Structures are given as structure tokens and as C-alpha cells.
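Visitor: can't give you the sequence, but here's the structure:
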């Protein structure tokens, strides 16, 4: 990467029906007003957010819920989808919104088909299950956009080796499914390598708010402190349509302004990848690891 250009890629995870309808349009407007690039990764099937309440028994989950005001950010109706209320089909009901993001000049890609199903089960599933879920997402993406997705960013940073292989079979040039410190080529248990990973390098707002004295008034300053110093490969920041696109929009506006004052060019994953020397990327394993402020384990750069 050119050391004279500071790049920060914005990766936007869109998890829910409400986030697609309300958060995505607001994010498009904010990004356009700052002349910032970004990659929107869409959940394309049913919104079954209510089923995530099964995680209540996972260590740290209820603590995270209490810190980040899940009800306030997601709304009661969303928290009932897939349980007391049928889950609306995001890809079918919101196809026009999804295409409007592309038409506004932003990169789009796959987040998942069923967010809760993928996040809660993929690490324990076999290749057949994984390929079936990924095929559903790709089919729906193609129906909406008229062409295959260029990239994939896993729901909840949950992956297995079969999912990495499927990305390679799709011919994707890069994906962003992991957490880490710099781009790398994943090395699987069988010795196979797959398409380069552009891991999320910064903590997310929901991991920070409510911890160590951080709240909506000062969390932007905490993130900006992490990006002040130069790094060889810049950063990838993951935001959520349900948070930065809605009630945390003022925080995101402060981040956009702050990053630009720090000299960053805010780009899509595609533009971030284009600036890399792929031949110099290290080959590293992916392990299951913990991230401060997030319950459970996720795919982490070894």
C-alpha cells in the first residue's frame, strides 16, 4: 500500500429489515455528504432477529445487551421477528433500496441469507450446510442485482473452512469475514489457501459503548485515538446500519469528519484492496478467538 495515502475502508453490515429500510438510506446520504466510499454488505433473506435471544445463555451476551440498549436501537418489532412475528424477507421486500445503494455508486456484497441462522450455527456445520446457505445468499443477490456478488463479509464474523473455500470457488478477489490487524491470505487446516481477507481492524461501537467509561458523547474520540498513528495498511472499520445509520448517526458523523481531518481517504473494500500488494500478503491461519466487548468467539486472524 502507498505509504503516502492513508486509507480507511468502511464496511457496512446490514443485519435487519428495519436497518435496510431506515438505516441504509441515511448512511448513503451521510457518506455522500462527506464524499466517502463504502461497501454495503446485505442480509438477503428473512429477518429472524428475535431468534437471537437464544444467545441469552451465552457468557457475556446479557452484559452486552444491557450496555448497548438493544431494544432502543433495534426496536421491539424487530426483536419479535422469527418468534412471535414472521420474519420479513429483506431481499424481496427491499430490493429497490438495495439497488439504490449500487446506483449511488457504492460497492455492494453479501453479508448472509439468514443472519441469525448463520451466526449461531455455521461454526458447527459441515460443507453441505455451509454451501447451501451461501448458495441461497448468492442466488438472492443475483436476483436483486442481476450479477453475482463481488465480495462477502460473514455475519457475526462467523466462518468455517468450507465457507472460505466457497468464496474461492466463487472467484472472489477479496472478502472481509475476520477480525485482525492487517490483510492476509487465510491458510486452512488442510493447507489450502483462499482469497485474501481484509479483516476488521478496529472495535465496533457496540463493543465500546458502556465499557471503560465510554458513551455516545466520547466514543468517537476513543475510536479516533486508535486511528491517529500511521499503520502500513490503514484500517477497516465495520459499522452497522442499525446503529450508525440510525440512533448513532451523530457519532458516525463525528467519525467521518475526524478521519478526514486525520488525513484518511474513506474508501470501499474494493478500493482498499486495489491499493494492496497482494504478492506480499502473509499466509496466516484463522482461529476462533474472543474480542473485548463481544460475546462468544469469532473468526480471528492468528
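Guide: Sure thing, it's come through. Given the structure is predicted, the values throughout are model-derived calculations rather than measurements.
Visitor: the stretch 1-150 of the chain: helices as residue ranges?
Guide: Under the criterion DSSP state H, counting those that start in this stretch, helices of the stretch 1-150 of the chain are mapped to 17-18, 24-33, 61-68, 70-74, 76-80, 90-93, 95-103, 115-121, 127-145.
Visitor: adding mean pLDDT, mean neighbour count and distance to residue 257, write the ones you listed out as JSON lines.
Guide: Every residue, glycine included, has its C-beta placed from N, CA and C. JSON lines is the format used below for these (pLDDT from 0 to 100; neighbours: other CB atoms under 10 Å; distance: least, CB to CB, whole Å):
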{"stretch": "helix 17-18", "mean pLDDT": "94", "mean neighbour count": "22", "distance to residue 257": "26"}
{"stretch": "helix 24-33", "mean pLDDT": "98", "mean neighbour count": "18", "distance to residue 257": "10"}
{"stretch": "helix 61-68", "mean pLDDT": "48", "mean neighbour count": "16", "distance to residue 257": "23"}
{"stretch": "helix 70-74", "mean pLDDT": "60", "mean neighbour count": "16", "distance to residue 257": "22"}
{"stretch": "helix 76-80", "mean pLDDT": "67", "mean neighbour count": "16", "distance to residue 257": "29"}
{"stretch": "helix 90-93", "mean pLDDT": "96", "mean neighbour count": "19", "distance to residue 257": "31"}
{"stretch": "helix 95-103", "mean pLDDT": "98", "mean neighbour count": "16", "distance to residue 257": "22"}
{"stretch": "helix 115-121", "mean pLDDT": "95", "mean neighbour count": "22", "distance to residue 257": "30"}
{"stretch": "helix 127-145", "mean pLDDT": "98", "mean neighbour count": "17", "distance to residue 257": "31"}
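Visitor: pLDDT below threshold where in this structure?
Guide: The chain contains residues with pLDDT under 70 at 2-3, 51-78, 80-82, 84.
Visitor: now the strands: where do they sit in it?
Guide: 6-14, 39-43, 107-112, 185-187, 235-240, 264-267, 283-289, 298-301 (DSSP state E).
Visitor: want to throw those strands into TSV with distance to residue 171?
Guide: Shown next, in TSV, are those (distance: least, CB to CB, whole Å):
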stretch	distance to residue 171
strand 6-14	20
strand 39-43	18
strand 107-112	13
strand 185-187	15
strand 235-240	21
strand 264-267	22
strand 283-289	19
strand 298-301	21
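Visitor: so which of these is the most packed in?
Guide: strand 39-43 (a mean of 28; mean count of other CB atoms under 10 Å).
Visitor: in its sheet, what does that strand sit against?
Guide: strand 6-14 (parallel), strand 107-112 (parallel) (DSSP bridges).
Visitor: neighbouring contacts of it?
Guide: 9-16, 20, 24, 27, 90-91, 98, 101, 106-115, 141, 151-153, 155, 176, 241, 268-270 (CB atoms under 8 Å, 6 or more residues apart in numbering).
Visitor: for residue 123, grab the count of nearby residues.
Guide: 18 (other CB atoms under 10 Å).
Visitor: out of the helices of the stretch 1-150 of the chain, which comes closest to residue 48?
Guide: helix 115-121 (4.7 Å; CB to CB).
Visitor: closest one to residue 147 among the strands of the chain?
Guide: Going by CB to CB, the one of the strands of the chain nearest residue 147 is strand 107-112, 10.3 Å.
Visitor: got the angle for that closest one vs helix 95-103?
Guide: On the basis of axes from the mean of the first three to the mean of the last three CA atoms, to 10 degrees, strand 107-112 is oriented at 140 degrees to helix 95-103.
Visitor: stretch 91-111: end-to-end distance?
Guide: 12 Å (CA to CA, to the nearest Å).
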